[in-house]
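Peer 1: Predicted model, plus sequence, below.
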Amino acid sequence: MIINTNTGASTAARVLANNTALLQASLKRLSTGSKIASIADDAAGMAVASRLQNKLSSLKGATSGVNNAISYSQTQDAYLEKVEEALDRMGELAMLAMDPTKSEDDRVLYDSEYSELAKFIDSLGTKEFNGQGLLDNTTITISVGLNSSGNSVSYAMGNVDLDAADYLQLKYNSGNMTYGIDTYASASTALAKIKAAQDQLATDRSTVGANLARLETEKASISILRDNLASARSRIIDVDVAEESANFAKQQILVQSGTAMLAQANVLPQSALRLIG
């Protein structure tokens, strides 16, 4: 029986300190929701989780870019829809001008509206979306994700040009129409040019539609990838609350038991007093 060195108390104190540290770590995991309370808990796992987080951040930016490109294409199509309405009306006016019962004065009136519609189509060629031309043959290239090496994957959208030849035939240039409808003959010629412009418009709207279809597919693909990367990161870094709650209860009991045993170990040397007394 010894007094100077209480081995039992030292052992109980060491075990209690370890269990207290484990209890505090468990408490931190439950309060933060993170399985890795300290980088020392899983250094490799934290490194993998960081790489996954970097990819998730990049894909978040790619999603924003694709959404903006979708808005860009939707704006293009909205303007092209107005061009279609203008061309339909111009074709109607050309047919009215070809009516043999109409006078030249009537045709001048039709030509006035016809010219204004041509000016409207001409003005759309300068429209922009946040500084990017919409209908002036501007090529937009956007990032739609990452490849296996972590490099950006780009998609160059098909472009639209209101300065294309089939549109130019109907433009209002320098105060006059290249093909007006102020005479029967010119109205007949203009009608053929309108048909060519409508064919080009159908091609352009098809191009925009294809862009939108591709962008919507890319958006869905990015969302799937983001979901799966987030799940993979979650399995590494997020705490399983049910499992950790059980561990917390275990460590709590061990700390309480260790505290009681340390108290008992501190009492043991007092037995030596009976021998002395």
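Peer 2: Great, that's in hand. Residues are numbered from 1 along each chain as shown.

Peer 1: For the rest of this, base every contact and every neighbour count on C-alpha atoms.
Peer 2: Fine.

Peer 1: now residue 122: how far from residue 233?
Peer 2: Spatial separation of residue 122 from residue 233 under the definition CA to CA, to the nearest Å is 52 Å.

Peer 1: for residue 12, that is, sorry about that
Peer 2: On the measure of CA to CA, residue 12 and residue 233 end up 39 Å apart.

Peer 1: Residue 39 should be in a strand, yeah?
Peer 2: No. Assigned with DSSP: H, G, I helix; E, B strand; the rest coil, residue 39 falls outside any strand and is coil.

Peer 1: looking at this structure, which helix or strand is least sure?
Peer 2: When the helices and strands of the chain are compared on mean pLDDT, DSSP states H and E, strand 172-173 comes out lowest with a mean of 58.

Peer 1: how close does the spatially most central residue of the chain sit to residue 133?
Peer 2: Relative to the mean C-alpha position of the chain, the nearest C-alpha, by CA atoms, centre = their mean, is the one of residue 63, at 1.5 Å. Taking CA to CA as the criterion, residue 63 is separated from residue 133 by 22 Å.

Peer 1: what's the domain layout of the protein?
Peer 2: 7-33+240-276, 61-237 (automatic domain parsing).

Peer 1: Just send those back as CSV, with distance to residue 52 too.
Peer 2: Output for the domains of the chain, formatted as CSV (distance: least, CA to CA, whole Å):
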stretch, distance to residue 52
domain 7-33+240-276, 18
domain 61-237, 6
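
Peer 1: Any stretches of the stretch 101-250 of the chain with poor pLDDT?
Peer 2: When the per-residue scores of the stretch 101-250 of the chain are filtered using pLDDT under 70, the ranges that remain are 171-178.

Peer 1: at 80 what do you get?
Peer 2: Within the stretch 101-250 of the chain, the stretches falling below the threshold (pLDDT under 80) are 145-151, 165, 168-179.

Peer 1: where exactly do the strands run in it?
Peer 2: Applying DSSP state E, counting those that start in this stretch to the stretch 101-250 of the chain gives strands spanning 128-129, 132-133, 141-146, 152-156, 172-173, 176-177.

Peer 1: Tell me where the stretch 101-250 of the chain has helices.
Peer 2: Assignment of helices within the stretch 101-250 of the chain using DSSP state H, counting those that start in this stretch yields the ranges 104-124, 165-168, 184-237, 241-267.

Peer 1: could I get stretch 248-261 in CSV with only the CA atoms?
Peer 2: Backbone C-alpha positions of stretch 248-261 (Å, rounded to 0.1, in the frame of the first residue of the first chain) are rendered in CSV as follows:
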residue,chain,number,x,y,z
PHE,A,248,-22.4,10.2,-27.8
ALA,A,249,-24.5,8.3,-25.3
LYS,A,250,-21.7,5.7,-24.9
GLN,A,251,-19.1,8.3,-24.3
GLN,A,252,-21.3,10.2,-21.9
ILE,A,253,-21.7,7.0,-19.8
LEU,A,254,-18.0,6.3,-19.9
VAL,A,255,-17.2,9.8,-18.7
GLN,A,256,-19.7,9.6,-15.9
SER,A,257,-18.3,6.1,-15.0
GLY,A,258,-14.7,7.4,-15.2
THR,A,259,-15.5,10.3,-13.0
ALA,A,260,-17.0,8.0,-10.3
MET,A,261,-14.0,5.6,-10.6
